[in-house]
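Colleague: My questions concern the predicted model and sequence given below.
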Amino acid sequence: MISGYIEGIIILICVNSIAAMGVSLLTGFTGIFTLGHAGYMAIGAYTAAILSVRHDVPWFVAVIAGGVLAMALAYLIGVPTLKLMGDYFAIASIGLGETIRLILENWQSFTRGARGFPGVTNFTTLPVAASFFLGMLILMRFLINGNYGRAFKACRDDYIAASLLGFKTAHYRVLSLTISGFYCGIAGALLAGFLTYLQPVMFDMNKSTELTAVVVFGGLGSLSGSIIGTAVIGMVTEVFRPISQYRMLIYGATMVLIMVVRPEGIMGQHEIGPRLIRSIFSRKPRNEVDGAHG
Amino acid sequence: METLIQQIINGFSLGSVYALIAVGYSLVYSILLFSNFAHGGFLVIGGYICYYTLAAVGNNIWVASLLAFLGAGVSAVLVERGAYKPIRERTNVTLYLLIASMGMSIVIENIFVVTVGGRFRALPPVIPMTPVSVFGLATTSAFDILSLIMAMIFLIGLQVFLSTTKWGLAIRAASYDLKTAGLMGVNVNKLISIVFFVAGLLAAVGGIFLSVRYTLYPQLGLITIKAFVAAVIGGLGSLPGAVVGSLILGLAEMLTAGFISSQMRDIVVFGMLVLTLLWRPTGLFGKHISEKV
Amino acid sequence: MADPILSLDNLNKHFGGVHAVKDFTFQMERGELAGLIGPNGAGKTTVFNLITGVYSPDSGSIKFKGEEISARKTYEVISRGVARTFQNLRLFPRSTALENVMTARQQHFRYNFFEAVTHAGRWSGNEKKIRETSLELLDRVGLLPVAEQAAGTLPYGHQRRLEIARALALQPELLLLDEPAAGMNPEEVQDLNGLIRNIHQDFDLTTLVIEHHMEVIMEICPRIACMNFGEKIAEGDPDYIQKHHEILKAYLGEEVEEC
């Protein structure tokens, strides 16, 4: 059917999309900007790897455990740091992401540090990746389209107004971070099962930046946009792999260009669906408010 | 005891270099209220200009430095005009500037990777490294003392610029409220360019010293993240804070390296960042802005 | 006043050196429609912020339905039946008018996290009710035609009405309106007066209105309190306030233009 190479790209896109969904919830829908979510992926990845390789835990349990552990850490971190407003939480997230990576790198006895952790079974096949992707997408979509989604968006758009509508904004912010931690943890665990080999440097600030960048590219407040953004970056990475030096240059230049030319991203705040198609084909004026917030 | 004094001097030396970078960084933050992650790029530009000029004009550090300062300053202005100005004119969402600055940082780093290659380059020994004895208690190198002195000279120079010149006054006014400064007749775009030029220049000074200390390579700019942590500890937007934070950070790093282990250095740095944010997010000297309901 | 629904007693609030609210005492009976007037900076919005828990008073008490709420957090006050609108409008601009109202409405038709992500249990019934009752509210304030339009793109007058609809969606017992007529022309003000009177009657609300527009206050509020420099300087019915206005103007000059 499809070649192993293409299959690999699709798996990677599915797995990275799961992480992107998590960041999308936090940044796009709750308005909390993060630069350290690769840390949660790292926790999920190493948890799944260590459990499955050293303790013979079945892979599915190991993956869930990875997600849960990342989620627990996100919660513990979230409670004290989400009080920080504006840029300060983003700065804290940098510190935390880097700290997690440095701990993984230096705790040689446990993680084998920078040498890398090999030997994970290749449990992330295409059906596995696709199933996780679809399942978690549906859960996220349901969440965002209901009462919780409206609460998150209220906290994003005007947290004072939100509190004056009776919302415990601190609670929703922590919840959003916790869920995003879970998603990134699962993605990291699945990544371990795909690459079969882990190194802390895979989860450095570049990875964190990439996660946030794809969400911004796709459009803050658009779940489908985040997935499209992930797919585009995933494919561009592959296309430019032969000239990987230039790849990074182009990647950085693209980031700058998008911010200058179309900061609201590919999808703005629209989702793929009947409403979008209707609005493309209708002749009514677009109801688009400037995607800027904050 | 000797190690302690040794590490304290090393700490101040490293901290003073961080201070040059952190101050430029905080200066930009105080005006535009965003963290310019491309700041490290200016540092690297300064380093490479210095390196190639030294090779070209035969180890004249003064000429090389001057060119590096100008080059980095001008690059900073170009980056601002080309990438940041269009964004800040459209929207006041600092998130977009932040992401653009990240992209810019990647671009600058990789321009060097693609053109001159990523290998480590040692600068010719134009800055003396001879050991110097300090009060007979410890030895340090002339380099450390020189970097400390140069940092102080530039920082004092900056202070003089800010407190006595017309543009210095404008910058201080703008750091309270950019919009109002503009309404008072300050040419805001020109002011921002001047600020970026100064920030680039200071970064270049730091870059030259760091290149000598650590050798020169495209990713050297990543060290800016430590200056960034220093700026946060001192209080984002506060220049004295940036200096104090840098010295504290330099000391902490060197004391950790000397008495615990070299690997723990970075963990201590980020640990201090997290602690600062949990305990006192506005840092030692930062200002707190609250929103009107 | 026996058994007032809202009782503010000797409220004080300082901001640095500024004594924003000074020994402010005021009560409201259930079902009353009252006005709070005063020049800019008199402390009126601060009083609202104190009631809703955005600020906590330095001293004094705030009782709502007999319960002391001065130490309560904002969401606790709101969940006890208070709602407010804002001087400078705080809608969610990127959400539609309907979504704005639904965000408030959902407080009364709850379902939990599990039900939300699986669409099980109460989700279907409650989502439907949230949507239907929100549409009804929009219809009430005449905004049904623009229900699916982004709130930030609506004309100013519509936005003000939307904010009122959103506040009503909370089913409050006490409604605080902060300068609802700001920026409106005389015709819109008349419509607003009608709207406030209607919702006050139909929803059996206790309503406190801050306003500068004397046409609103004098016409619809049977009782008015006047503030200046944080203090209540007069309280009474419209006639009394009018006369008081002349006296005070003579006494204190331009500072008290409003009373």
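Modeller: On my side now, so go ahead.
Colleague: what's around the residue of the stretch 51-200 of chain A found nearest chain B, how many residues?
Modeller: Closest contact between the stretch 51-200 of chain A and chain B, by Cβ to the nearest Cβ, is at A:Gly95 (3.9 Å). Where you see a C-beta, it was placed from the backbone N, CA and C, and this is true even at glycine. Applying other Cβ atoms under 10 Å in any protein chain shown, we find 26 residues neighbouring A:Gly95.
Colleague: and the helix or strand hosting it, average pLDDT?
Modeller: Using DSSP states H and E, A:Gly95 sits in helix A:87-106. What helix A:87-106 shows for mean pLDDT is 88.
Colleague: Give me the packing partners of it, helices and strands only.
Modeller: helix A:38-54, helix A:59-81, helix A:205-218, helix B:94-115, helix B:224-234, helix B:264-279 (3 or more Cβ pairs under 8 Å, 6 or more residues apart in numbering or on different chains; DSSP states H and E).
Colleague: B:Gly40: which of those helices is closest?
Modeller: helix B:224-234 (3.4 Å; Cβ to Cβ).
Colleague: number of nearby residues for residue 206?
Modeller: No chain specified, so I'll use chain A. Neighbourhood size, A:Asn206 [other Cβ under 10 Å]: 15.
Colleague: ah, I was thinking of chain C
Modeller: By the measure other Cβ under 10 Å, the count of residues near C:Thr206 is 23.
Colleague: How about A:Tyr46?
Modeller: Per other Cβ under 10 Å, the neighbour tally for A:Tyr46 reads 26.
Colleague: surely it meets A:Leu104?
Modeller: Yes - using Cβ atoms under 8 Å, A:Tyr46 makes contact with A:Leu104 at a distance of 6.3 Å.
Colleague: any low-confidence regions in the stretch 151-294 of chain A?
Modeller: Scanning the stretch 151-294 of chain A with the threshold set as pLDDT under 70 gives A:275, A:278-294.
Colleague: Enumerate the residues of it near chain B.
Modeller: A:160, A:205, A:209, A:212-213, A:216, A:245-246, A:248-249, A:251-257, A:259-260, A:263, A:290, A:292-294 (Cβ under 8 Å from any Cβ of the partner chain).
Colleague: Please apply the same query to chain C.
Modeller: C:45, C:49, C:54, C:86.
Colleague: Of the helices and strands packed on helix A:87-106, which is nearest A:Val120?
Modeller: Proximity to A:Val120 (Cβ to Cβ) singles out helix A:38-54 among the helices and strands packed on helix A:87-106, at 4.8 Å.
Colleague: tell me what that closest one is packed against?
Modeller: Secondary elements touching helix A:38-54 (3+ Cβ pairs under 8 Å, 6+ apart): helix A:59-81, helix A:87-106, helix A:108-111, strand A:117-118, helix A:169-195, strand A:197-198, helix A:205-218.
Colleague: in that helix, what counts as buried?
Modeller: By neighbour count on 16 or more other Cβ atoms under 10 Å in any protein chain shown, the buried set for helix A:38-54 is A:38-53.
Colleague: quick one: which of the residues you listed is nearest to C:Thr25?
Modeller: For the buried residues of helix A:38-54, the residue nearest C:Thr25 by Cβ to Cβ is A:Tyr40; the value is 52.8 Å.
Colleague: Now do the nearest residue to C:Phe109 once chain neighbours are set aside against C:Glu115, distance only.
Modeller: Nearest non-adjacent residue to C:Phe109, counting by Cβ to Cβ, 6 or more residues apart in numbering or on different chains: C:Asn126, 4.0 Å away. Distance, C:Asn126 to C:Glu115, using Cβ to Cβ, to the nearest Å: 8 Å.
Colleague: Nice, that's everything, thank you.
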